[in-house]
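Engineer: let me see the structure of the following:
(one chain, ligands or ions: 2)
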Amino acid sequence: MNRIKIAIQKSGRLAEKSLSLLERSGLSFARSKDKLFWYGRNLPVDLLLVRDDDIPRLLLEGVCQLGIVGENVALEKLLESRQRKPEAKLEPLLKLEFGDCRLMLAIPEEQEFAGVDMLQGKRLATSYPYLTRQYLDRHGVDADIVTLSGAVEIAPSLGTAEAIVDLVSTGTTLRANHLKAVDGVLESQAALYRSPQQLSEDNEQLLDKLLTRIRGVQLAAETKYVMLHAPRDRLDKIAEILPGAESPTILSLEGQPDRVAVHAVCTEQVFWGHLEALKAAGASAVLVLPVEKMLV
Ligand code: PRT
Ligand code: ZN
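Structural biologist: Ligands and ions are numbered 1, 2, ... in the order given. Sure thing, here's the model as predicted:
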C-alpha cells in the first residue's frame, strides 16, 4: 500500500489548528523538530510541513494527496497554474471552519467609494494578482496590478498604489494604515483539498476513512450531551428548546412520578440562552457535557 502524504503549513496562522485536527482524527506522527517530514506512526499517512503557498502546487503535481490551506491561497495558485495548464483543478473536500478571513478591496479612509469603476486606470497593490484580476474583470474594470509579497497596506501611503486588495480579519491593520474596506473579493477559510491525481483503491479507502473521522471531529466540536430533569407535562416544550436534538431519551425518576430525566445529543451549539429557556420551562439539574468523538 502506498502511503498518503498530507501537506500542512509549518508555522503560521493555520499550522496549529491543522495539526490538531489531524491528531484529533486519530493520526499520530513521529515528530521531528527541524525536518519537514513527519512519519505517520499508526496509519500509512505522513505529514509534509511547508509554507502555505507551496501546498496547492504540491497537490496539483501529486506530490501530496491531501493538503490543508486557505481557500484564498488555493484559488490564487490555481488561477496562476491555469496560465500554464488550463485544465488544472483543485476542489475542496471539506471546509474546516478556521482561518476565516476576507479578501477585500480597500481605499484611503478619506475617499468616497463610488463603485469599482473608480479604479479604472488606477494602481492596485496586492499579494493576490490573479484573484484581483478576476474581480476587476468581473466588473469590467481595467487597472494596473502591483504585486507585492507583503506590507501591501502601506502601498497607498508610499504612493505606489491608489487602492489595495488584501486579507482582512479584524480590520485593525487597515485602520492603522488609514484605509477602509469597501468591497469583498472573496470569503475564505481553511479547507481540506485533495490532489486531482488518481489514487490506488487502498488509498481511496484510506482517504474515505480519514474524511469520516475528520467530519466526526468537526461534528463533535459542536455537539453537546445535555442531561436534565423536567416536569413530564412540559416535555414537548423542553424538546423544542434543545438545539439540534433528535428524539431525546426519557428516563423515569425514582419516587418522582411527575418528573423525568431527559438525555439529548444536541448537534448545534448550546448557549446560555438555551439553558435559561430550559430553566424557565421547568427544567432543573441541567448538565452540558462535551462529546469527544462521533461516528454517524
Ligand atoms: O510562512 P507562510 O507562507 O506559510 O505563511 P504566511 O505568512 O503566508 O501566512 P499566514 O500564516 O499569515 O496566513 C495563513 C492563512 O491564514 C492565510 O492564507 C489566510 O487563509 C488565513 N488568514 C486568516 C489570514 C488572516 N486571517 C489575516 N488576518 N492571513 C493573513 N492575515 C493578515 C493580512 O494579510 C493582513 O496583513 O493579517 C492582516 C490583517 O489582519 P487584521 O486582523 O488586522 O484585519
Ligand atoms: Zn504564505
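
Engineer: flag every residue of this protein that's near ligand 2.
Structural biologist: Residues of the chain lying near ligand 2 by CB under 5 Å from the ion: D52, D53. C-beta coordinates here come from the backbone N, C-alpha and C atoms, glycine included.

Engineer: domain map for the chain?
Structural biologist: 4-97+190-220, 101-188, 223-290 (automatic domain parsing).

Engineer: columns mean neighbour count and distance to ligand 1 on top of those, output as TSV?
Structural biologist: Shown next, in TSV, are the domains of the chain (neighbours: other CB atoms under 10 Å; distance: least, CB to the nearest ligand atom, whole Å):
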stretch	mean neighbour count	distance to ligand 1
domain 4-97+190-220	18	2
domain 101-188	17	3
domain 223-290	15	22
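
Engineer: dump those domains to CSV, plus distance to V296.
Structural biologist: Output for those, formatted as CSV (distance: least, CB to CB, whole Å):
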stretch, distance to V296
domain 4-97+190-220, 7
domain 101-188, 27
domain 223-290, 9
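
Engineer: okay if I get those as JSON lines plus mean pLDDT?
Structural biologist: Shown next, in JSON lines, are those (pLDDT from 0 to 100):
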{"stretch": "domain 4-97+190-220", "mean pLDDT": "95"}
{"stretch": "domain 101-188", "mean pLDDT": "97"}
{"stretch": "domain 223-290", "mean pLDDT": "94"}
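
Engineer: show the end-to-end separation of stretch 53-71, please.
Structural biologist: 11 Å (CA to CA, to the nearest Å).

Engineer: contacts for it, please.
Structural biologist: With CB atoms under 8 Å, 6 or more residues apart in numbering as the test, stretch 53-71 has contacts from 4-9, 14, 18, 21, 48, 50, 52, 73-74, 77-78, 81, 88, 90, 92-93, 95-96, 99, 101, 186, 188-197, 199, 203, 207, 210.

Engineer: does Q269 belong to a helix, a strand or coil?
Structural biologist: Look at Q269: counting by DSSP: H, G, I helix; E, B strand; the rest coil, its state is coil.

Engineer: phi, psi for L94 please.
Structural biologist: Main-chain torsions, L94, degrees, to the nearest 10: phi -150, psi 140.

Engineer: next up, the contacts around it.
Structural biologist: L94 neighbours (CB under 8 Å, 6+ apart): A191, L192, L211, I214, R215, Q218.

Engineer: again with A245
Structural biologist: By CB under 8 Å, 6+ apart, A245 lies in contact with V226, A239, A264, V265, C266, T267.

Engineer: just checking, the last one touches Y225?
Structural biologist: Put plainly, it is T267. No. Using CB atoms under 8 Å, T267 makes no contact with Y225, being 10.7 Å away.

Engineer: re the thing from before, show me the contacts of A245 that map onto strands.
Structural biologist: If you go by DSSP state E, the contacts of A245 have V226, A264, V265, C266 in strands.

Engineer: residue boundaries of the strands in the stretch 151-296 of the chain?
Structural biologist: 163-168, 179-188, 190-194, 224-231, 249-252, 259-266, 284-290 (DSSP state E, counting those that start in this stretch).
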